[in-house]
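Undergrad: here's a sequence, model it:
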Amino acid sequence: MGSVSQSNWAWLPNHLLDMILDNLVSLSDYIRFGAVCKEWQSLAIQNRVQFFKKNQQVPLLMVPTEDNSEERRSLYSITHNKLYDFQLQVPYKKRFCGSSHGWLFTVEESFALTLINPFCGATIELPPVINRSKFKRYESDDDSDDDTTQVEVEFVLKKVALLADPALSVNDYIVSAIYDNINGRLAFIQPGDKVWTYTDRDKFDSAYEDVIYYKGQILAVDLWGRIKMINLNRSARESKVPQQKVITLPQTYRVNQMRMYLVESSSGNLLVVERYLKYIDDQLATSVFKVFKILLQQTEEGFANRVEMKSLCGDSLFLGDNHSICVSSSNWPGCQPNSIYYTDDYIDFVHHLPFGRRDIGIFNIENGSFGTHYILDPSHKHMPTSIWIVPSMVGN
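TA: Numbers count the residues shown, from 1 in each chain. Got it, this is the predicted structure:
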């Protein structure tokens, strides 16, 4: 049989090309598809939005380089159990306050935010979330102690996430920011906005923990496990006070060291994850996770029910300071099913002394066992927290 020339590949019937694209899951395979010829590359670019919507990528763990560079980060793959030779240029040596759709978030002294896409070098500048002159909680008593002030500034922004990818939805994305570590306030901004839109505080004092864009709705969860639906449409934003609706009751229990996450399962279910921490060898570390499925069919009382899950139905979760992620392990050999891959999330830096940030591992939801993925080098204890980042493909 003779060889097939590039022109023959270019003129394969459209239905065959569609079948190939429909069966691609990993970004690396998608990029290889686009590299076959110019026609396939054009088709890959045209369909990249649909590809990313359909196929949630397994995130990579962004970790310090061997030489502790303040301008580069290494990438670790849990599916291949190795560090890649490729390193990201990240000119930032402080904590990232979020990772979402391949973008990282940095906070400046003014509380302004910068979005960085380290895969392409793109940046987006956003206005301050907080008026610095009116926010005194984190100012150092000693004006000469600049390091203390800066460390605390890093932790004022608790978690930032994108509710769409700016590279794929240039004029139709939303940035959500949870700020003020004591009260957990919530703010949003969209393209064209010059100021942030803030949610009203209510009788429960909110204390938001995570935000998700789920089936066309913005949902947020607070420290008590209460989930609220937030209406951010243009008419609602004219008054600068988004409409809110409580869809789950607050829990009757609450412990001091606890984190909450919202994530959509691979089958489309809404999950809320509770992460419990305790002091182990004088450091705060994860002791257990609990996962609940939210049944959005309202009860007679008008609220959704929570059902605790003893299995993730083969899924794997990736939690931390990143936008919470879920993938089906059946699509990713090397990814442990029914497991939670976690890293340090937002915890004040003092809880990591003297050994640095090291609360990372794997938790199996079925048997309650812990395992490891990336092992932190002790020399990295002064570097920023490792964070999950989703590989992205940008371009026109």
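Undergrad: list the buried residues in stretch 375-387.
TA: 376, 380, 383-387 (16 or more other Cβ atoms under 10 Å). No exception for glycine: its C-beta is placed from N, CA and C like everyone else's.
Undergrad: turn the residues you listed into CSV, columns for pLDDT and secondary structure.
TA: CSV is the format used below for the buried residues of stretch 375-387 (pLDDT from 0 to 100; DSSP: H, G, I helix; E, B strand; the rest coil):
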residue, pLDDT, secondary structure
Leu376, 83, coil
His380, 80, helix
Met383, 80, coil
Pro384, 80, coil
Thr385, 82, coil
Ser386, 89, coil
Ile387, 93, strand
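Undergrad: mind jotting down where the strands sit in the stretch 201-350 of the chain?
TA: Here the stretch 201-350 of the chain has its strands, by DSSP state E, counting those that start in this stretch, at 208-214, 217-222, 227-231, 243-246, 258-264, 270-280, 283-295, 305-309, 315-319, 325-328, 339-342.
Undergrad: in CSV, list the C-alpha atoms belonging to the last one.
TA: Coordinates of the C-alpha atoms in strand 339-342 are reproduced here as CSV (Å, rounded to 0.1, in the frame of the first residue of the first chain):
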residue,chain,number,x,y,z
SER,A,339,-10.2,9.9,45.0
ILE,A,340,-9.6,13.5,45.9
TYR,A,341,-6.2,15.0,44.9
TYR,A,342,-5.6,17.9,47.2
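Undergrad: give me the contact list for that strand.
TA: Strand 339-342 has contacts (Cβ atoms under 8 Å, 6 or more residues apart in numbering) with 78, 273, 275, 286, 289, 291, 312, 316-320, 329, 359-365, 371, 373, 388.
Undergrad: swap in the fourth one?
TA: Identification of contacts with strand 243-246 by Cβ under 8 Å, 6+ apart yields 199-200, 202, 226-231, 236, 303.
Undergrad: for it, list every residue counted as buried.
TA: The neighbour-count check on strand 243-246 (16+ other Cβ under 10 Å) flags Gln244 as buried.
Undergrad: for the third one, same thing?
TA: Buried residues in strand 227-231, defined by neighbour count with 16+ other Cβ under 10 Å: 227-230.
Undergrad: let me know the pLDDT of Ser329.
TA: Confidence at Ser329, expressed as pLDDT, is 91.
Undergrad: OK, contacts around it?
TA: By Cβ under 8 Å, 6+ apart, the residues touching Ser329 are 314-316, 335-339.
Undergrad: what is the nearest of those to Cys37?
TA: Cys335 (31.5 Å; Cβ to Cβ).
Undergrad: roughly how far apart are the closest residue to the closest one other than its chain neighbours and Glu366?
TA: Spatially, and ignoring its direct neighbours in sequence, Cys335 is nearest to Ser329 (4.4 Å; Cβ to Cβ, 6 or more residues apart in numbering). Distance, Ser329 to Glu366, using Cβ to Cβ, to the nearest Å: 13 Å.
Undergrad: before we move on, back to that, Throw the contacts of strand 243-246 into TSV and include distance to Ser42 and pLDDT, thanks.
TA: Conversion of these to TSV gives the following (distance: Cβ to Cβ, whole Å; pLDDT from 0 to 100):
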residue	distance to Ser42	pLDDT
Thr199	43	85
Asp200	48	73
Asp202	50	60
Arg226	47	90
Ile227	42	92
Lys228	43	91
Met229	40	90
Ile230	38	90
Asn231	39	87
Ala236	40	45
Phe303	49	81
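Undergrad: check those and tell me the two furthest apart.
TA: Ala236 and Phe303 (22.1 Å).
Undergrad: residues contacting the nearest residue to Asn81 once chain neighbours are set aside?
TA: Distance criterion Cβ to Cβ, 6+ apart; nearest residue to Asn81, sequence neighbours excluded, is Gly334 at 6.7 Å. Contacts for Gly334 (Cβ under 8 Å, 6+ apart) come out as 78-81.
Undergrad: check Arg226 too.
TA: When contacts are counted by Cβ under 8 Å, 6+ apart, Arg226 touches 204, 246, 248-251.
Undergrad: tell me the contacts of Ile178?
TA: 157-160, 184-186, 208-211.
Undergrad: lowest-confidence entry in these?
TA: Across the set of these, Gly184 stands lowest in pLDDT, at 82.
Undergrad: mind listing what it touches?
TA: 158, 178, 206-209, 222-223.
Undergrad: and the strands in the stretch 51-200 of the chain?
TA: Going by DSSP E, counting those that start in this stretch, the stretch 51-200 of the chain shows strands at 60-64, 72-77, 82-89, 99-100, 103-107, 113-117, 122-126, 157-162, 175-179, 185-189, 197-198.
Undergrad: so which of those strands is nearest Gln257?
TA: Here strand 157-162 is closest among the strands of the stretch 51-200 of the chain (Cβ to Cβ), at 15.0 Å.
Undergrad: what angle sits between the closest one and strand 185-189?
TA: Relative orientation of strand 157-162 versus strand 185-189 (axes from the mean of the first three to the mean of the last three Cα atoms, to 10 degrees): 30 degrees.
Undergrad: who does strand 157-162 touch, helix- and strand-wise?
TA: If contacts are counted by 3 or more Cβ pairs under 8 Å, 6 or more residues apart in numbering; DSSP states H and E, strand 157-162 sits against strand 99-100, strand 103-107, strand 113-117, strand 175-179, strand 208-214.
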